[in-house]
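> sequence and predicted structure, then a few things I'm wondering about:
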Amino acid sequence: MRIGELAALAGVTTRTVRHYHHLGLLPEPARRANGYREYGLRDAVALARVLRLTGLGLGLEEVRDVLAARSSDAGRELHEVLTELDADLARQEETLRERRTRVRELLELAGRGKLPAEGPVSSELAALFGEMTRAGARLPGPEPAMAAKERELLALLETAAPARAGREVVAALGAAGGDPAAMDRMYRTYALLDELAEADVDDPRVARAARAVAECVPKEVLEAIGGVPEGLVHGGEAGGGFAGELFADLAPAQAEAVRQAMRLLVEHAR
């Protein structure tokens, strides 16, 4: 057989056959006088074995290890590789189950019109956002802009923070969100911060907003993140990093209020 005939018999391309030769997965056959490779039944059998192994999900390096093992050890080598493959597939299967569960939760929220504008977040965070929306509706006028910023930050935190810390923060905020009085207090604080959008940093309202912010932070949140981050205590003054970007996204008076709030929290923790 010529290479094209062998490839057609196995259902692959001639390029695949040449690649297997290059990797040492398929022995090079004898060549005719004209230089063309001449394949026989043994070559077809060897190619079929490679394809069966790759069809199971083995990588080409793993296939080469199996094929390179001496005949007396080949069974043991294949058993070890298949055992590792089975464990890897089990992990993938579990991951897929978790992802499908998450997608179904999001579809359910979307079907009830409760998928937050911030995009796919955990069901716990979506519930908190729902409580925030209801609290905002109880206020006269439009929702404070700072509330929308808070939701964006919480979605970022859930994505970027270590899994356990992120869950604990969301759980602590969710508990607070279940208390209408606490949520209303938080929204009044958002309104205070909104008032500082055009204010000077020495405006008397800055200190008032700072106290309100400090009073709204549940102690469970601080415990989950290990206390007030150093960058927030100093207000991102060193520049760069998350704290620097956070304060840069705020108006000067708002940043000063948050900075003072962080310092009040540190003082209260002593």
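Yep, that arrived.

> helix or strand: which one has the spatially most central residue of the chain?
For the chain, T159 is the residue whose C-alpha lies nearest the centre (Cα atoms, centre = their mean; 5.4 Å). For T159, the host element (DSSP states H and E) is helix 145-160.

> CA atoms only for that helix, dumped as PDB, please.
C-alpha atoms of helix 145-160 as PDB (Å, rounded to 0.1, in the frame of the first residue of the first chain):
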ATOM      1  CA  ALA A 145     -24.600  55.800  41.500                       C
ATOM      2  CA  MET A 146     -22.400  54.500  44.300                       C
ATOM      3  CA  ALA A 147     -24.700  51.400  44.700                       C
ATOM      4  CA  ALA A 148     -23.900  50.400  41.100                       C
ATOM      5  CA  LYS A 149     -20.200  50.800  41.800                       C
ATOM      6  CA  GLU A 150     -20.600  48.600  44.900                       C
ATOM      7  CA  ARG A 151     -22.200  45.800  42.800                       C
ATOM      8  CA  GLU A 152     -19.400  46.000  40.300                       C
ATOM      9  CA  LEU A 153     -16.800  45.700  43.100                       C
ATOM     10  CA  LEU A 154     -18.600  42.800  44.700                       C
ATOM     11  CA  ALA A 155     -18.700  40.900  41.300                       C
ATOM     12  CA  LEU A 156     -15.000  41.600  40.900                       C
ATOM     13  CA  LEU A 157     -14.300  40.400  44.500                       C
ATOM     14  CA  GLU A 158     -16.200  37.200  43.900                       C
ATOM     15  CA  THR A 159     -14.200  36.500  40.800                       C
ATOM     16  CA  ALA A 160     -10.800  37.600  41.900                       C
END
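
> tell me which residues in it are buried?
The neighbour-count check on helix 145-160 (16 or more other Cβ atoms under 10 Å) flags 146-147, 149-151, 154-155, 157-158 as buried. The C-beta positions use only the backbone N, C-alpha and C, and glycine is treated the same way.

> want to throw these into JSON lines with distance to L25 and pLDDT?
JSON lines is the format used below for the buried residues of helix 145-160 (distance: Cβ to Cβ, whole Å; pLDDT from 0 to 100):
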{"residue": "M146", "distance to L25": "61", "pLDDT": "92"}
{"residue": "A147", "distance to L25": "60", "pLDDT": "91"}
{"residue": "K149", "distance to L25": "56", "pLDDT": "89"}
{"residue": "E150", "distance to L25": "56", "pLDDT": "88"}
{"residue": "R151", "distance to L25": "53", "pLDDT": "87"}
{"residue": "L154", "distance to L25": "51", "pLDDT": "82"}
{"residue": "A155", "distance to L25": "47", "pLDDT": "83"}
{"residue": "L157", "distance to L25": "48", "pLDDT": "76"}
{"residue": "E158", "distance to L25": "45", "pLDDT": "76"}
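
> got CSV for these, with distance to A251 too?
Shown next, in CSV, are those (distance: Cβ to Cβ, whole Å):
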residue, distance to A251
M146, 10
A147, 15
K149, 11
E150, 15
R151, 18
L154, 20
A155, 22
L157, 21
E158, 25
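
> so which of the residues you listed comes closest to V45?
E158 (53.9 Å; Cβ to Cβ).

> hang on, that closest one packs against S123?
No: between E158 and S123 there is no contact under Cβ atoms under 8 Å: 11.3 Å.

> low-confidence stretches in this protein?
70-76, 109, 113-119, 161-166, 176-177, 224-225, 227, 231, 233-240, 269-270 (pLDDT under 70).

> what's the domain layout of it?
Domain assignment for the chain, taken from automatic domain parsing, gives 3-68, 71-115, 121-269.

> doesn't L6 make contact with T16?
No: look at T16 against L6 with Cβ under 8 Å: they stay out of range, at 10.4 Å.

> related to what we said a few turns ago, tell me which of the domains of the chain is the most buried.
Mean neighbours per residue, mean count of other Cβ atoms under 10 Å, is largest over the domains of the chain for domain 121-269, with a mean of 17.

> which one of the buried residues of helix 145-160 sits closest to C216?
Distance to C216 across the buried residues of helix 145-160 (Cβ to Cβ) is lowest for E150, with 10.1 Å.
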